[in-house]
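Colleague: With the input below, show me the fold.
(2 chains)
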Amino acid sequence: MKRNRIFHSIVAFLVCMGMVVGFSTISKAEENQTVTFGFISPMTGLFAGTGEPMSKGGLLAAKMINEEGGILGKKVEILVRDSEVRPAIAVRMARELHQDQGVNLFFGIISSGVALALKPVMEEFNSLLITCAAHSTLITGKQFSPNVFRITDDARTRNYALAEVIHQKFPDVKKWANISPDYAYGHSCWENFNEKIKQLNPKVEIVADRWPKFGAGGGYGPHISAIMAANPDGLYSVLYGGDMIAFIREAKQWGLFKKVKVFTSSHVDWDIPYALKKEMADAWISEHYYDVIYNYPLSEKYEAALKKAYGLKHFLAGQGHATPGFDAVYAYKAAIEKAKSFKVADIRKALEDLTIESPLGKKWIRAGDHQAYFDMPFYHIVPDPKEAIGWKVDWFTTKDGKKYMVPVEEALKR
Amino acid sequence: MDPGVLLIDLLEGLCRGMLYFLMASGLSLTFSVLGIINFAHGSLIMLGAYLVWSSLQIIAGDWCFILIIILSGAMVGGIGILIELFFLRRIYRAEHLYQLLLTFALIMIIDGLALEIWGGQPRSIRVPGYFLGAVSIAGRPFPKYSLFILFSSIVVAIILWAFLYKTKFGKASRAAAADVEITSALGIDVSFIYCGMFAIGVALAGLSGGVGLAMSSLAPGVGANIAVLCFAIIVIGGMGSLMGTLTAALVLGIFEAFGDHYFPEAAMALPFIIMAVILLARPQGLLGKME
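Modeller: Numbers count the residues shown, from 1 in each chain, chains lettered A, B, ... in the order given. Now for the predicted structure:
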């Protein structure tokens, strides 16, 4: 009787172990059928208008890739995490994705501060990060990491091009004021715009230089008052998300835009004019994507798919940040297929000097600094009460990013 | 220095200070009467602003703007009554840790609901045409809406003072704040006073959200920063002192406005420097009483 009980116990134990092994084998088999990317960006708060569309671009790319048969036969899966634009939370999310979910390939990130915080984490985990909207030159410059790539433009390229556009349109504007967020991205953008505009017009002087707290979301009155007291002709700002929305609303109340000849920004996303509607200011700006400009076959396919998946309203306001999210997933796909491997070292090597097809045309990732170069959109938004939305685009162009590249050695020093 | 610019900065500081008072006064009231540290105060301010935003999506026209702000404040006050009846009432005699946990849970619930209902995208409250633009003061423009914030906050402060010092309920609530047992022994229904004062404190939060966040970007979670500011103000002013809250709010608002303009590099640290200096000189706060 006792022997029987022992026998039954052993059998039960073996059955349980068999089930555990069996299920884990099935699980591994399922795992092997999937390649998982980790997406980290703000999904809530003042900057959700930037992070949320970016996630949708990535998810759309995954859907399209899966419909086309996946990557080397594997389905793409994207795990989305909310960073709240806080470096500590983004690092925690990256650790969770890597340690609990086995993720080695990351993308997203709208803040340069967050991207720089993730750099040592990527190196520690031997993982890769493709940043989609963190623009500081430090990321692919002085703080270069072999584990970090950037699929969007850097602050130098975009601001050199913007300064050229503004100088052509407003050659007489000499007195400039700046109001930008006080962290790596804001300083990087302004330094490059300032450098180029002074190079183009040595008579340019900076009459006001304001650095409000990032994420303030309002309370810009004293800064606006200081700018108005300095009487600038031109106003530059790379505040973004909820900060830019609040700034434009407040500056309109103060009458700031009536005092300056030009208001420009290298990074005003579509979520801002669509949120502001009739309160939008006259602005010479740049963004990640503008559907009217690009007419490649992939542009048409991408736009149709994005509209179908998320609706016209979301497409119009979110197309800008959706595009680098979309491109990052396709860049990983192209690199994996080029390397014919899912190993991080092979994917990293394949990403270097890679050219991908994007809705913006071809995007080339330079090997030396991991920076992408492509045709960037620039346009002029003008308030128009006749339009239902309260504004219209009355001019646009593109600028070839390669024209504004600096040599790799110089880029890595800055 | 241009005196016109200085005047504008002073006005901006007063406007900011009075808004800070409006935001922090409810917190100060609930602490002085109920002894409750309501960590969810910032989330209730945010809720008031969201209610204004939603109402303005439904009701067209500029005429109702002020009415909607008042009604939204009242609605948040109504939510405050439910919070007091179902949750707070059970923990008045418990340790402060329970208050902290409960009000922290309320932050999670309110912010989570805001995310579900209004989404994560930033929202902008539609400000009526008559508040748009600026008026000229000493030859310099000053936003009309900032003047509205200033005057509406002054009006609320006067009403609040009259309510606390001239009405029977206000006097009873001050008595309850001073000594709850004697107040109760005198036959005053302290539970009713607690519920009413919490509702008023929360209604002030809702009202300040509608008034103060109309020019800012509105998104789930914005209440957290505001709550920190409100706590700093009631600590600087002296815990439980409404006059102290007003003084601290004005000091902070004016220092911030001049700091942002003339010492922008130090602007972020300024509120904390002020707090440190005042608390070193007067640990009980500007108008607080030493226990």
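
Colleague: List the residues that contact the residue lying closest to A:D269 once chain neighbours are set aside.
Modeller: Computed as CB to CB, 6 or more residues apart in numbering or on different chains, the closest residue to A:D269 that is not its neighbour in sequence is A:G320, at 4.6 Å. (C-beta placed from N, C-alpha, C; glycine too.) Contact analysis of A:G320 by CB atoms under 8 Å, 6 or more residues apart in numbering or on different chains lists A:53, A:269-271, A:287-290.

Colleague: ranges for the strands of chain B?
Modeller: For chain B, the strands defined by DSSP state E occupy B:134-137, B:140-143.

Colleague: Let me know which of the ones you listed is tucked in deepest.
Modeller: strand B:140-143 (a mean of 23; mean count of other CB atoms under 10 Å in any protein chain shown).

Colleague: Listing partners with orientation, what would you give for that strand?
Modeller: Using DSSP bridges, the strands paired with strand B:140-143 in its sheet are strand B:134-137 (antiparallel).

Colleague: Chain neighbours aside, what residue packs nearest to A:I166?
Modeller: A:T264 (5.5 Å).

Colleague: What values do phi and psi take at the one you found?
Modeller: phi -140, psi 150 (degrees, to the nearest 10).

Colleague: can you pull the contacts of residue 245?
Modeller: No chain was given, so I picked chain A. Contacts of A:I245 (CB under 8 Å, 6+ apart): A:272, A:275-276, B:122, B:124, B:217.

Colleague: I was thinking of chain B, sorry if that wasn't clear
Modeller: B:21, B:24-25, B:28, B:233-234, B:237.

Colleague: for B:G288, same thing?
Modeller: B:237-241, B:244, B:282.

Colleague: Can you list the buried residues in stretch B:173-186?
Modeller: B:173-177, B:180, B:183 (16 or more other CB atoms under 10 Å in any protein chain shown).

Colleague: Mind checking which of those residues are in helices?
Modeller: Mapping the buried residues of stretch B:173-186 onto helices (DSSP state H) picks out B:173-177, B:180, B:183.

Colleague: Can you tell me the element A:T397 falls in?
Modeller: strand A:391-400 (DSSP states H and E).

Colleague: before we move on, the earlier item: of the contacts of B:G288 - the most surrounded one?
Modeller: Counting neighbours by other CB atoms under 10 Å in any protein chain shown, B:G237 leads the contacts of B:G288 with 28 neighbours.

Colleague: ok, back up a step: I'd like the strands of chain B as TSV, with mean pLDDT appended.
Modeller: Output for the strands of chain B, formatted as TSV (pLDDT from 0 to 100):
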stretch	mean pLDDT
strand B:134-137	93
strand B:140-143	92
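
Colleague: from what I can see A:R348 touches A:N126, true?
Modeller: No: using CB atoms under 8 Å, A:R348 is not in contact with A:N126, being 9.4 Å away.

Colleague: overlap in contacts of these two?
Modeller: With CB under 8 Å, 6+ apart, A:R348 and A:N126 have common neighbours A:N147.

Colleague: A:R86 and A:I110: what is the separation?
Modeller: Per CB to CB, to the nearest Å, A:R86 is found 12 Å from A:I110.

Colleague: Same check on A:H321?
Modeller: Counting by CB to CB - A:H321 and A:I110 are separated by 7 Å.

Colleague: Any chance you could list residues touching both of those two?
Modeller: Contacts common to A:H321 and A:I110, judged by CB under 8 Å, 6+ apart, are A:50-51, A:54, A:132-133.

Colleague: Just name the closest of the residues you listed to A:I71, please.
Modeller: The closest of the shared contacts of A:H321 and A:I110 to A:I71 turns out to be A:C132 (CB to CB; 18.7 Å).
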